[in-house]
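> here's a sequence, model it:
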Amino acid sequence: MKITTEIIKTDWFLDKEHFEGTVSFKGKNGGIIQAFSYGTEFKIGQKTELELDSISAELEWDIIFSENSKKEIKIERKGDWEYEAYGKVLSINPVNIDFGEFELNTGNWTNDKKIIGEYVYWKIDRLDI
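This next block holds a predicted model:
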């Protein structure tokens with residue numbers, strides 16, 4: 001899903017001409033989010049629209065729906081681009097989830113309309129731009 005944001009920091013790997021590395025940007029609520037980026041040059045202070053994607057761990061249905069019993073909408077950074085995310089399902093086909101700082105398309109993993117509005121837990125192994 002897309003987010004309109006401001007670039008806070010870039011940390012490119014050694015091969016700077018391919019713009020591969022970590023990009024830090026402001027989330028919807030002002031938090032600083034870090035994501036992996038490849039192939040697009042970003043400038044600090046740049047206001048831009050980013051399309052977020054992710055590589056996510058495969059979780060069991062029970063874990064997705066039981067690990068957010070407090071009905072939280074938040075993310076917890078666990079590594080460079082890795083997050084534990086707690087959010088609310090906005091839609092299905094694909095399943096879009098609001099995690100507070102950003103919304104994310106998590107794929108087509110269910111057709112069950114009853115999950116819309118449910119609070120879930122999600123594991124993001126790598127957040128990508």
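> could you say which helix or strand holds Asp62?
Following DSSP states H and E, one finds Asp62 within helix 61-66.
> tell me the spacing between Gly30 and Lys70.
Going from Gly30 to Lys70 by CB to CB, to the nearest Å gives 22 Å. Where you see a C-beta, it was placed from the backbone N, CA and C, and this is true even at glycine.
> scratch that, Lys2
28 Å.
> where are the low-confidence patches of this structure?
15-16 (pLDDT under 70).
> all strands for it, in order.
2-12, 20-26, 32-38, 47-51, 53-56, 74-77, 83-91, 96-98, 103-105, 119-128 (DSSP state E).
> reformat these as a markdown table; add mean neighbour count.
Below are the strands of the chain laid out as a markdown table (neighbours: other CB atoms under 10 Å):
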| stretch | mean neighbour count |
| --- | --- |
| strand 2-12 | 15 |
| strand 20-26 | 19 |
| strand 32-38 | 18 |
| strand 47-51 | 13 |
| strand 53-56 | 17 |
| strand 74-77 | 16 |
| strand 83-91 | 20 |
| strand 96-98 | 20 |
| strand 103-105 | 20 |
| strand 119-128 | 19 |
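> just put those in JSON lines and tack on distance to Ile64.
Formatted as JSON lines, those follow (distance: least, CB to CB, whole Å):
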{"stretch": "strand 2-12", "distance to Ile64": "23"}
{"stretch": "strand 20-26", "distance to Ile64": "26"}
{"stretch": "strand 32-38", "distance to Ile64": "22"}
{"stretch": "strand 47-51", "distance to Ile64": "23"}
{"stretch": "strand 53-56", "distance to Ile64": "11"}
{"stretch": "strand 74-77", "distance to Ile64": "15"}
{"stretch": "strand 83-91", "distance to Ile64": "10"}
{"stretch": "strand 96-98", "distance to Ile64": "10"}
{"stretch": "strand 103-105", "distance to Ile64": "14"}
{"stretch": "strand 119-128", "distance to Ile64": "5"}
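> and the ones you listed: which comes nearest Phe65?
Phe65 lies closest to strand 119-128 among the strands of the chain, at 6.1 Å (CB to CB).
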